[in-house]
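*Asks:* Next come a sequence and a model predicted from it.
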Amino acid sequence: MTALLIRDLRLAMRAGGGFGLGLAFFLLVAVLVPLGVGPEAATLGRIAPGILWVGALLACLLSLDRIFALDYEDGSLELLAAAPIPLEGVVAVKALAHWLVTGLPLTLVAPGLALLLNLPAQGYGWLVLSLALGTPALSVIGAFGAALVVGVKRGGLLLSLLVLPLYVPTLIFGAEVVKRGAAGLEVGAPLALLAAITMGAVALLPFAAAAAVRVNLR
Amino acid sequence: MSIWEYANPKKFMQASAWALPWMIGLTVLCLGVGLVWGFFFTPDDYKQGSTVKIIYLHVPAAMMAINAWGMMLVTSLIWIVRRHHVSALAAKAAAPVGLTFTLIALVTGALWGQPMWGTWWAWDPRLTSFLILALFYFGYLALWAAIEDPDTAADLTSILCLVGSVFALLSRYAVNFWNQGLHQGASLSLDKKENVSDVFWVPLVICMVGFVMLFVTLVLMRTRTEIRARRLAALLARERVA
Amino acid sequence: MPELGKYAFAVLGSYAAAILLIAGVIALSFWQRARVKRALAEVESRQGKSDG
């Protein structure tokens, strides 16, 4: 499984692998929203948690179809399905690779973008924590969506339509953590719920995704 | 006489052919009586004026929007476990009807909310949940349309329905959490009898029954069409091979 | 027509929208049914002839 992880990471990092695309998009969102909404500092500060979370979510979405598509096209997915490691494990490793290449960099870069959006000082820690807890869910939910549409040519738009509603709980609780944290309020409830959703998704969705991959490989 | 006999497409076609005229009759009767009674023969509400008449559309539609998804969940599970094609096709058939009910709930909710809350759209937890439900319906329908092989489509959409149901429930709680403190008490919640006096309650129940009948009628009719379509595809495939 | 007062637009609009949407899904269902029935009859008669 480590070999698979390293392979996927290497594929993502090389030229044409799409690494950095998500980060660039995240930066774009953080620049475009103030341009659209106006530079008024108080307004930006108030909506910063939402913008950062929505930006992270959309940036994750960009590289989802790569999780399975390339391997499906050249037949490696079939080989992986027949390999001794369970397909659920393969899915989990691919989701992990996606997170390492997309979610984790986003989490690390977010405080810089929060500066642009005038996030109140006490929100920064909560921003990083909520993204660190929430982006793994985004990767594993995204992997599930990618598994569903792997057989559909140019299924990118369909993938977005399927995955975005599934992102809603994580988005709501993630943004709530940052919003409340930035205002100095109690953060326990949304934080716990965010973590619970991530843990549940990571534990259970690989099974659903593997089932979908098997269906598509028939 | 087990219900599983109707998993046989031929038996289903025979039974539904017999049942359909009755279902249409019941639908017309209940919807007709309920809506006419509710619209013409009920008084205005003390607080909400004549907008209370919207209840006869909004509540039954909202109820059926959820129940339709529930039925899709059950039939999807039956497909996954027992591989009855009629079940998978019934889920596919129900989706546009459920989406329609969701849209009715949204539109009537917004129109009701405008005079009550002063805005055309309010991110009330209930309305927002229905907006998300509409997205789930769109996704489900889009997936059916995108996959060519019918059995593959049935499998993938069933998995989506299952996972979607969990997330739809999670979203419901998340949205309530997200909108805490706003519109408490002033929500459109007309849950149960305590909130709705008898003079409104009886025609409301009749309308709810009417909407259930409408759903069943449409699903029976649409499932029959799906079964015919499946037979058509099989015959066409046979032609191509011959 | 009952006295709807200032809420006439909301109430009538709701009923109109609901009726339109329901009529729409009914019409769609009838249209899909007719299309499939026609195609099926055509293929069945074609295959009926060749099967003898």
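*Replies:* Yes, it's here. Numbering: from 1, shown residues only, chains lettered A, B, ... in the order given.
*Asks:* Pull up the residues of chain B that are close to chain C.
*Replies:* Contact residues, chain B versus chain C (Cβ under 8 Å from any Cβ of the partner chain): B:35, B:39-40, B:44, B:49-51, B:53-54, B:57-58, B:61, B:96-97, B:100, B:103-104, B:107-108, B:111-112, B:114-115, B:214, B:218, B:221-222, B:224-225, B:228-229, B:231-232, B:235-236, B:238-239. No exception for glycine: its C-beta is placed from N, CA and C like everyone else's.
*Asks:* Taking those residues, please make a ChimeraX selection of just the buried ones.
*Replies:* Buried subset of the residues of chain B next to chain C, written as a ChimeraX selection, criterion 16 or more other Cβ atoms under 10 Å in any protein chain shown:
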select /B:35,39,44,49,50,51,53,54,57,58,61,96,97,100,103,104,107,108,111,112,114,115,214,218,221,222,224,225,228,229,231,232,235
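*Asks:* Hmm, B:Met72 and B:Ser87 touching each other?
*Replies:* No: using Cβ atoms under 8 Å, B:Ser87 makes no contact with B:Met72, being 10.2 Å away.
*Asks:* what pLDDT, on average, does stretch C:25-35 get?
*Replies:* Taken as a whole, stretch C:25-35 has a mean pLDDT of 98.
*Asks:* Could you give me the buried positions within that stretch?
*Replies:* Judged by neighbour count (16+ other Cβ under 10 Å), stretch C:25-35 contains these buried residues: C:Val25, C:Ile26, C:Ser29, C:Gln32, C:Arg33.
*Asks:* Could I get the contacting residues of the last one?
*Replies:* It stands for C:Arg33. Residues in contact with C:Arg33, defined by Cβ atoms under 8 Å, 6 or more residues apart in numbering or on different chains, are B:Met221, B:Arg222, B:Arg224, B:Thr225, B:Arg228.
*Asks:* How about the third one: what's its closest non-neighbour residue?
*Replies:* Counting by Cβ to Cβ, 6 or more residues apart in numbering or on different chains, B:Arg224 lies nearest to B:Ser16, which is 5.7 Å off, once chain neighbours are set aside.
*Asks:* Which strand or helix spans the one you found?
*Replies:* Using DSSP states H and E, B:Ser16 maps to helix B:9-40.
*Asks:* again with A:Ala201
*Replies:* Judged by DSSP H and E, A:Ala201 forms part of helix A:188-217.
*Asks:* Packing partners of that helix?
*Replies:* helix A:76-82, helix A:87-98, helix A:123-149, helix A:156-182, helix B:150-178 (3 or more Cβ pairs under 8 Å, 6 or more residues apart in numbering or on different chains; DSSP states H and E).
*Asks:* switch to 10 Å and redo it
*Replies:* helix A:69-74, helix A:76-82, helix A:87-98, helix A:123-149, helix A:156-182, helix B:150-178 (3 or more Cβ pairs under 10 Å, 6 or more residues apart in numbering or on different chains; DSSP states H and E).
*Asks:* Compute the distance from the centre of that helix to the centre of its chain.
*Replies:* Helix A:188-217 has its C-alpha centroid displaced from the chain centroid by 12 Å (Cα atoms, centre = their mean, to the nearest Å).
*Asks:* angle of that helix against helix A:87-98?
*Replies:* 120 degrees (axes from the mean of the first three to the mean of the last three Cα atoms, to 10 degrees).
*Asks:* Counting neighbours, which bits of helix A:188-217 end up buried?
*Replies:* A:190-191, A:193-195, A:197-198, A:201-202, A:205-213, A:215-216.
*Asks:* Can you give me the buried ones in the helix holding B:Ser16?
*Replies:* Within helix B:9-40, the residues that count as buried by 16+ other Cβ under 10 Å are B:9, B:12-13, B:16, B:23-24, B:26-27, B:30-31, B:34-35, B:37-39.
*Asks:* picking up where we left off before, list the residues that are in contact with both of B:Ser87 and B:Met72.
*Replies:* Common neighbours of B:Ser87 and B:Met72 are listed as B:Ser158 (criterion: Cβ atoms under 10 Å, 6 or more residues apart in numbering or on different chains).
*Asks:* out of those two, which sits in the more crowded spot?
*Replies:* B:Met72 (28 against 24; other Cβ atoms under 10 Å in any protein chain shown).
*Asks:* Run a quick check on the more buried one versus B:Ala91, I expect a contact.
*Replies:* Yes: look at B:Met72 against B:Ala91 with Cβ atoms under 10 Å: they come within range, at 4.5 Å.
*Asks:* now C:Leu12: how far from B:Leu236?
*Replies:* Per Cβ to Cβ, to the nearest Å, C:Leu12 is found 47 Å from B:Leu236.
*Asks:* Is any residue of the helix or strand hosting B:Ala142 near chain A?
*Replies:* Applying DSSP H and E as the criterion places B:Ala142 in helix B:125-146. Yes: applying Cβ under 10 Å from any Cβ of the partner chain, one finds helix B:125-146 touching chain A at B:128-129, B:131-143, B:145-146.
*Asks:* among the residues you listed, which ones are buried?
*Replies:* By 16+ other Cβ under 10 Å, the residues of helix B:125-146 next to chain A give B:128-129, B:131-143, B:146 as buried.
*Asks:* For B:Asp45, what are phi and psi?
*Replies:* The phi and psi values for B:Asp45, taken as degrees, to the nearest 10, are phi -90, psi 150.
*Asks:* Setting the sequence-adjacent residues aside, check what's closest to it.
*Replies:* B:Val52 (3.8 Å).
*Asks:* and what of A:Ala97?
*Replies:* Using Cβ to Cβ, 6+ apart, the closest residue to A:Ala97 is A:Asp8 (3.8 Å).
*Asks:* Please name every helix or strand in contact with the strand or helix carrying the one you found.
*Replies:* Following DSSP H and E, one finds A:Asp8 within helix A:2-13. For helix A:2-13, the packing partners by 3+ Cβ pairs under 10 Å, 6+ apart come out as helix A:69-74, helix A:87-98.
*Asks:* contacting residues around the shortest one?
*Replies:* By that I understand helix A:69-74. A:7-8, A:11-12, A:17, A:76-81, A:90, A:94, A:146-147, A:149-153, A:155-156, A:159, A:213, A:216-217.
*Asks:* One more pass at 6 Å, please.
*Replies:* Contacts with helix A:69-74, where a contact means Cβ atoms under 6 Å, 6 or more residues apart in numbering or on different chains, come from A:Leu77, A:Val150.
*Asks:* now swap in the longest one and tell me
*Replies:* With contacts defined as Cβ under 6 Å, 6+ apart, helix A:87-98 is touched by A:1, A:4-5, A:8-9, A:67, A:80-81, A:139-140, A:143, A:206-207, A:209-210.
*Asks:* tell me which residues of whichever helix or strand comes after that helix are tucked away?
*Replies:* Note on helix A:87-98: by DSSP H and E, the next helix or strand toward the C-terminus is helix A:104-116. Within helix A:104-116, the residues that count as buried by 16+ other Cβ under 10 Å are A:Leu104, A:Pro105, A:Leu106, A:Thr107, A:Val109, A:Ala110, A:Pro111, A:Leu113, A:Ala114, A:Leu116.
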